[in-house]
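[1] Pasting a predicted model and its sequence here:
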Amino acid sequence: MRGNHPQGSFQASTTLEARVQLQRQTYPARLTQKACISESAQCYHLEFAIDAMDRFDFAPGQFISTVAPDQRGKTQTRAYSIASAASANRFDLCVNRVEGGFFSNHLCDLPIGGTVQVHGPHGNFTLRNPITDSIFVATGTGIAPMRGFTQWLFPEAGPEGSPEAGTTDRSEGRQIWLIYGTRHETEVYYRDYFERIAAEHANFHYVITLSRAGELWSGKRGYVQEHISPIVEARRSLAANHGVTTIGTSIGSSTGGSGAMGSGGSVVGGMADTVVAVEERVLAEPLAFDIHTYICGLNNMVAAVRERLTEFGWHKKQIIFERYD
């Protein structure tokens, strides 16, 4: 993904970000590990430590801003989604090398032990509370915050005395789907990690889809939005079979007509509930959903997924997204 620069409703313009940068404390982040995880895409996994801090706390899904002078001495700032959950003073990044791009090359060429100035964390692309069934949708380096979400939900045991040691599953048994789309099989980032989590946790479902798959590829093909529909339709059918309305369609909708939602998800009014009654109920009670979708990638993909979910009647607050262009 080009730029790896998160943009959402909270994201300031480049000019404003530069202004605010003057007022923010930056810290040197030291590169501790580096690996090229896709030669064809020139994608690098980078691990950093902030030695000036004992802990660098952030919510999974947030981003940091990196700051460095370019060849002309001009200060450049770029935002990168954090590709890990919080752990001591460490954080990971997932960066595609972009031809002619200053910051991507600066980071990918950074030697082990080299440093870059950072500030943060920033952003509202975070898991909503309480944890619900969730669909994570990503393309390219949009996988970065999804890796952070997954690490937080399904922490792996760390060494004795480490922050990860003894941490239990935080998913609360919710069903979590990760739909990852890219062009070629060689560009599937962190595949081994996600396949391992899926093998160890029955409620984590990992779906890879390729838009330019070769003849030998036996997995799913096409674009990510095409693989959301079966998940949503299956949940809707399950709810209908049990005589309830899933809030994963929309507040006030029902499988049997225009009934309103009860607090337990059952239809309480049937045809007697008018649109006005439904609107009054929504205004009187806080919105609550039993499923969310988190989307990260380029704008065209984000727009396509949002459109598909809207067609299913999803409320806009169920759809959380981050765009990189």
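    Looks like it arrived, so ask away. Residues are numbered from 1 along each chain as shown.
[2] can you pull out the helices in the protein?
    Shown for the chain, the helices assigned by DSSP state H span residues 14-21, 102-108, 143-153, 191-200, 229-241, 275-284, 299-311.
[3] if you compare those, which one is most tucked away?
    Mean neighbour count (mean count of other CB atoms under 10 Å) peaks for helix 143-153 among the helices of the chain, with a mean of 25. All C-beta atoms are positioned from the backbone trio N, CA, C, and that covers glycine.
[4] For it, enumerate the helices and strands it packs against.
    Packing partners of helix 143-153 (3 or more CB pairs under 8 Å, 6 or more residues apart in numbering; DSSP states H and E): strand 75-81, strand 90-96, strand 133-139, strand 176-182, helix 191-200, strand 291-297.
[5] wait, which of these is closest to Ala41?
    Ala41 lies closest to strand 90-96 among these, at 6.0 Å (CB to CB).
[6] Can you give the contact residues for the closest one?
    Here strand 90-96 makes contact (CB atoms under 8 Å, 6 or more residues apart in numbering) with 1-2, 4, 29, 32, 37, 41-50, 56, 58, 64, 80-84, 104, 107-108, 140-141, 143-144, 147, 189-190.
[7] Mind checking which of those are buried?
    For these, a burial check counting by 16 or more other CB atoms under 10 Å picks out 1, 4, 29, 37, 41-50, 56, 58, 64, 80-84, 104, 107-108, 140-141, 143-144, 147, 189-190.
[8] need the contact list for Pro121.
    Shown in contact with Pro121 (CB under 8 Å, 6+ apart): Phe56, Asp57, Phe58, Ala59, Gln62, Phe63, Ile64, Ile82.
[9] Quick check: closest non-adjacent residue to it.
    Nearest residue to Pro121, sequence neighbours excluded (CB to CB, 6 or more residues apart in numbering): Phe58, at 3.6 Å.
[10] Kindly report the same for Gly173.
    Spatial nearest neighbour of Gly173, chain neighbours left out: Asn203 (5.9 Å); criterion: CB to CB, 6+ apart.
[11] Mind pulling up the pLDDT for the one you found?
    With respect to pLDDT, Asn203 scores 97.
[12] Kindly report the same for Arg323.
    At Arg323, the model reports a pLDDT of 93.
[13] going forward can the numbers begin at 264, since that is how I track them
    Sure, I'll start numbering at 264, so the last one becomes Arg586.
[14] can I assume it is in contact with Arg569?
    No: counting by CB atoms under 8 Å, Arg586 does not reach Arg569; the two are 10.5 Å apart.
[15] Below-threshold pLDDT in this structure: ranges please.
    In the predicted model of the chain, residues 264-286, 421-430, 502-503, 505-550 satisfy pLDDT under 70.
[16] how far is stretch 441-459 from where the chain is centred?
    14 Å (CA atoms, centre = their mean, to the nearest Å).
[17] just the CA coordinates of that stretch, formatted as CSV?
    Listed next in CSV are the C-alpha coordinates belonging to stretch 441-459 (Å, rounded to 0.1, in the frame of the first residue of the first chain):
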residue,chain,number,x,y,z
LEU,A,441,-10.1,-11.4,9.0
ILE,A,442,-10.5,-11.0,5.3
TYR,A,443,-7.3,-10.0,3.6
GLY,A,444,-7.0,-9.2,0.0
THR,A,445,-4.0,-8.7,-2.3
ARG,A,446,-3.0,-9.4,-5.8
HIS,A,447,-0.5,-12.3,-5.6
GLU,A,448,0.2,-15.0,-3.1
THR,A,449,3.7,-13.6,-2.6
GLU,A,450,2.1,-10.4,-1.2
VAL,A,451,0.2,-12.1,1.7
TYR,A,452,1.8,-10.4,4.8
TYR,A,453,2.1,-12.2,8.1
ARG,A,454,0.4,-15.3,6.8
ASP,A,455,2.1,-17.7,9.1
TYR,A,456,1.1,-15.7,12.2
PHE,A,457,-2.6,-15.5,11.2
GLU,A,458,-2.8,-19.1,10.2
ARG,A,459,-1.3,-20.1,13.6
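[18] how much space is there between Arg437 and Pro393?
    9 Å (CB to CB, to the nearest Å).
[19] Kindly calculate the angle that the lengthiest strand in the chain makes with strand 353-359.
    Longest strand of the chain, by residue count under DSSP state E: strand 290-301. On the basis of axes from the mean of the first three to the mean of the last three CA atoms, to 10 degrees, strand 290-301 is oriented at 50 degrees to strand 353-359.
[20] other SSEs contacting strand 290-301?
    When contacts are defined as 3+ CB pairs under 8 Å, 6+ apart, strand 290-301 packs onto strand 306-312, strand 353-359, strand 378-385.
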